[in-house]
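Asker: here is the input, now give the coordinates:
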Amino acid sequence: MYIRKTTRKYKHKTYENYLLVESVHTPNGPRQKVICSLGDLKPKPRGEWLRLAHKIESALVGQRALVGENDSEVDEIVRRIKDRGHEGAQTNIYLEEPKDRVKDGEIIRVHANRVTTERHREAGPVHVGYQFWQRLGFDEILADVGMNEKARLLTCAMTMNRLVHPCSENAMPDWIRSTALEDILEVDFDMLAEDALYRNMDRLYPNRAVIESRLAEKEKTLFNMDSTVFFYDLTSTYFEGQALKNPKAKRGFSRDKRPDCKQVLIGLVINRDGFPRAHEVFEGNRQDRTTLPDMLDAIDNRVGLTEGQTVIVDRGMSFDENLEEITGRGLHYIVASRQSERDQYLSDFEDLDGFEEIIREPSPLNPYQKKSQIKVKRKHRGNETHVLCISSERVEKDRAIREKQEKRLLADIIKLQTRIENGKLVEPLKVGEAIGRLKERYPRVARYYDIEYDPDSKKFSHRVNEQKMEKAKELDGGYLLKTDRDDLSADEAWRFYMLLTRAENAFRAMKSPLAERPIFHQLERRTETHIFLCVLAYHLLVAIENTLLDKGMHTSWETVRETLKTHQVTTVVLPTDKGPVLRIRRCSTPELQHVQLYSLLNVPTKIITPRKTWSEPESQL
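Answerer: Numbers count the residues shown, from 1 in each chain. Take a look at the predicted model:
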């Protein structure tokens, strides 16, 4: 619909009138159908005409206007149009079905060769996303933090975008209009522009912590989740552009292999079920180990920490001050030791007796992963329990590293021997220092070589200790876990630590299907809200995947999303034999794979309630 201006002269005076018209197709080509007269439309400026026409059209089909408040002018025009339609005047707009036109259950005859469909919209993925949005209580949580209905609807649409088809805020309005979100939310998004989305991000920004806290409470109740173990890990995400207005955007160690770009660090705490409990955004050049106190404060403020809980972190936070920070709060830790620390303790584990074997089954979500074999052994050292783990998957990697270091060690030994033989290094003390530097430089392999210097004969020699070297080969693929808990077996400690991969999976999901990177926002608050929206979408993603997992179906959200794309909402146009055209807005019949997924997710197959509207036949226009 749109508005057209007309003029006519009467007794030397020019009168202006504005008509609401609709363009329709007829056998003779496109024609304009007058819906009603709007009078002189003063003092409405020309730039408002199209906006008014869209608001009238949306009101006629029962959709709420997302942009702007209730308009008495629109209400009056809609009333006039509907009165005109019920009086039997010629009209081509969508009207509620007249009671005297088709009775309930009555059969009507249609022209089969003229039946068409229109306004096809992808519905399956957003339908599932919105069902879980309601299940997790997002609307109530957003309302409790003071967000009005418009802000809640925009937040829902933006989160659905991150979940289903991530794009920039500039492209998001067009994507929203290409889906069935308008039908599901019963909202008119025709006038939605990117500025409204940016403003909504600014509304979300100060409420992030409260929303995250309330969401954690809701999920704990819904999924009966365990809260005795938390996993903390970090990742980085990079910017496109200079991000000059974001003080947290710094160059640092890039996990995305983009050292040329500024970045921020994202710290994420999850529980053993994979649900996020808290997240924080840090400067891009910050060391991992310095973020732990801030993250513990965040998790304490949002979900609460209680004495006796266990925090599991990666080797980047295995420093003494980090472990003291954890135990100082009455918590326990499980951590992987750094490589240099592992090398110091290898002598304690060179006795290959006492290892127990664990078979790690491949993840059903990763068809390329193979079954792996893990050997674990526990040993007490002071107040800690150390667990040496030897993974068959890491053997080749460790062997390559060891052989590379061994090659470099032997090259440096030959150089040292040449210096001694050429008389350039003769003092026994200096030779001993040179040998010590070699052992310090190559601790991983030098311990398996006997390097000696006889000052009397001035003979330098080296030989490999075959027995120790054979044991070293057996230890390829090994890493060391440390914990202050003495109630865990080696098997239990290893299984707890391996759950840290769920944090890595969360980062992988946020970066890939949810498209967290790259970041185009230049302002700090917009950057952090963008990441927050990705976290909200990940709440939905993990809830969907866990629901399927509980039903015995091992699949990813990407697979679910692709499968449901073909379930759509459309309008069926039925020209009747009596003249009027019946339009039915409804969802398509779900296919077998759609029904199976909906059943497993406990989601209704009916996306919207069918809505019937009538219009006059185009041939009469």
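Asker: what is the neighbour count of M317?
Answerer: Number of residues near M317 (other Cβ atoms under 10 Å) recorded here: 25. Every residue, glycine included, has its C-beta placed from N, CA and C.
Asker: mind listing what it touches?
Answerer: 232, 288-289, 292, 335 (Cβ atoms under 8 Å, 6 or more residues apart in numbering).
Asker: which of those residues sits closest to L597?
Answerer: Y232 (33.0 Å; Cβ to Cβ).
Asker: of the contacts of M317, which is the nearest to W614?
Answerer: The closest of the contacts of M317, once distances to W614 are taken by Cβ to Cβ, is Y232, at 59.8 Å.
Asker: quick check: the closest one vs L481, distance?
Answerer: Computed as Cβ to Cβ, to the nearest Å, the Y232 to L481 distance reads 16 Å.
Asker: L541 versus the spatially closest residue to F532 that is not a sequence neighbour, what's the distance?
Answerer: Distances taken as Cβ to Cβ, 6 or more residues apart in numbering put R208 closest to F532, at 5.0 Å, once the chain neighbours are dropped. For R208, the distance to L541 (Cβ to Cβ) stands at 18 Å.
Asker: who has more neighbours, these two?
Answerer: Ranked by neighbour count (other Cβ under 10 Å), R208 and L541 place L541 first, with 26 against 22.
Asker: so how far is G274 from the closest residue to that one other than its chain neighbours?
Answerer: With sequence-adjacent residues excluded and distances taken as Cβ to Cβ, 6+ apart, L541 is closest to W557, at 4.7 Å. Distance of W557 to G274, given as Cβ to Cβ: 12 Å.
Asker: what's the overlap in contacts for those two?
Answerer: In contact with both W557 and G274: E545, using Cβ under 8 Å, 6+ apart.
Asker: I358 is in contact with E492, isn't it?
Answerer: No. Look at I358 against E492 with Cβ atoms under 8 Å: they stay out of range, at 10.6 Å.
Asker: ok, back up a step: in helices, which of the contacts of M317 fall?
Answerer: Of those, the ones assigned to helices by DSSP state H are L292.
Asker: wait, which of the contacts of M317 is closest to P428?
Answerer: Closest approach to P428 among these (Cβ to Cβ): R289, at 41.4 Å.
Asker: how near is that closest one to D484?
Answerer: Distance of R289 to D484, computed by Cβ to Cβ: 18 Å.
Asker: with L475 instead?
Answerer: 24 Å.
Asker: cool, I334 as well?
Answerer: Taking Cβ to Cβ, one finds I334 at 9 Å from D484.
Asker: of the two, who's got more company?
Answerer: I334 (26 against 17).
Asker: on the pLDDT front, check that one for me.
Answerer: Listed pLDDT for I334 reads 92.
Asker: kindly report the same for T310.
Answerer: For T310, the model assigns a pLDDT of 92.
Asker: ditto for H86
Answerer: According to the model, H86 carries a pLDDT of 44.
Asker: show me the contacts for the residue nearest to G432 when sequence neighbours are not counted.
Answerer: Computed as Cβ to Cβ, 6+ apart, the closest residue to G432 that is not its neighbour in sequence is Y453, at 6.9 Å. Shown in contact with Y453 (Cβ under 8 Å, 6+ apart): 420, 428, 431-432, 435, 459-461.
Asker: doesn't L136 make contact with K218?
Answerer: Yes. Applying Cβ under 8 Å as the test, K218 and L136 come out as touching, 5.8 Å apart.
Asker: in the sheet, who's paired with V269?
Answerer: Beta-bridge partners recorded for V269 (DSSP bridges): Y232, A278.
Asker: quick one: least confident helix or strand in the protein?
Answerer: Sorting the helices and strands of the chain by mean pLDDT, DSSP states H and E puts strand 64-65 at the bottom, at a mean of 64.
Asker: quick revisit: neighbour count winner among Y232 and L481?
Answerer: Legend: neighbour count by other Cβ under 10 Å for Y232 and L481, higher for L481 (27 against 24).
Asker: what mean pLDDT does the strand or helix carrying that one have?
Answerer: Assigned by DSSP states H and E, L481 falls within strand 478-483. Per-region confidence: strand 478-483 scores 87 on mean pLDDT.
Asker: buried set for the next helix-or-strand element following it?
Answerer: Where DSSP H and E defines the elements, the next helix or strand beyond strand 478-483 is helix 490-498. Judged by neighbour count (16 or more other Cβ atoms under 10 Å), helix 490-498 contains these buried residues: 490, 492-494, 496-498.
Asker: what sits up against the following helix or strand past helix 490-498?
Answerer: The helix or strand immediately downstream of helix 490-498 is helix 501-511, counting by DSSP H and E. Where contact means Cβ under 8 Å, 6+ apart, the residues beyond helix 501-511 that reach it are 231-233, 235, 237, 256, 266, 268, 270, 272, 274, 276, 516-517, 534-535, 538, 541-542, 557.
Asker: distance from helix 501-511 to the middle of the chain?
Answerer: Mean-position distance between helix 501-511 and its chain equals 9 Å (Cα atoms, centre = their mean, to the nearest Å).
Asker: now name the helix or strand holding the residue nearest to G432.
Answerer: With DSSP H and E as the test, Y453 turns up in strand 449-454.
Asker: quick one: buried residues of that strand?
Answerer: Quick answer for strand 449-454 (16+ other Cβ under 10 Å): 449, 451, 453.
Asker: report the rounded mean pLDDT for that strand.
Answerer: So the average pLDDT for strand 449-454 ends up being 87.
Asker: over to stretch 145-158?
Answerer: On average, stretch 145-158 scores 94.
Asker: look at the residue nearest to Q405 when sequence neighbours are not counted and report its pLDDT.
Answerer: Using Cβ to Cβ, 6+ apart and skipping the chain neighbours, the partner closest in space to Q405 is V445 (4.8 Å). The model reports V445 with a pLDDT of 84.
Asker: again with R177
Answerer: 92.
Asker: residue contacts, K565?
Answerer: Taking Cβ under 8 Å, 6+ apart, we find K565 in contact with 122, 124-125.
Asker: revised request: answer the last question for H279.
Answerer: 212, 266-269, 298, 531-532, 535.
Asker: and the residues you listed, which of them are in strands?
Answerer: When DSSP state E is applied, the contacts of H279 are split such that 266-269 fall in strands.
Asker: for F223, state which of these is nearest.
Answerer: V269 (16.5 Å).
Asker: gap between the closest one and K578?
Answerer: The value you get for V269 to K578, if Cβ to Cβ is used, is 65 Å.
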